[in-house]
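structure for the following, please:
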Amino acid sequence: MSREKALASEEEKKVQVINADVAKKQKACQEDLAKAEPALIAAKNALGTLNKVHDTCMFDTYVSDQPCARHVHVCHIMLSEN
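Residues are numbered from 1 along each chain as shown. The predicted structure is shown next:
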């Protein structure tokens with residue numbers, strides 16, 4: 001019985017270490033989210049001001065000329081769908 005208690009005590013200590021690590025990571029993630037959220041909101045608001053027909057044609061022109069513009073075009077499409 002005492003062996004079982006010792007094993008349970010060891011496991012409890014391991015769980016406490018894991019819980020402390022999770023709490024630390026959760027706090028860091030919440031801080032990162034708080035920093036990123038205003039930029040995301042601003043980007044969504046800016047996206048709402050774009051003329052979708054004109055911008056799509058403009059992006060299509062750039063995509064054929066510049067490979068990096070393809071990423072911008074994809075992001076534009078993804079954001080405008082949400």
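
so which residues of the chain form helices?
In the chain, helices defined by DSSP state H lie at 2-48, 52-65, 67-81, listed in chain order.

what is the least confident helix or strand in the protein?
When the helices and strands of the chain are scored by mean pLDDT, DSSP states H and E, helix 52-65 comes last with a mean of 57.

ok, the most centrally placed residue in the chain to Glu12 distance?
Centroid-nearest residue in the chain: Leu33, 7.7 Å away (criterion: C-alpha atoms, centre = their mean). Here Leu33 is placed at a distance of 31 Å from Glu12 (C-beta to C-beta, to the nearest Å). To be clear about C-beta, it is placed using only N, CA and C from the backbone, and glycine gets the same treatment.

quick one, domains of this protein?
1-49, 51-82 (automatic domain parsing).

lowest mean pLDDT across these, which one is that?
Per-stretch mean pLDDT for the domains of the chain is lowest at domain 51-82 (a mean of 64).

what is the neighbour count of His76?
Here the neighbour count serves as a burial measure; for His76 (other C-beta atoms under 10 Å) it reads 18.
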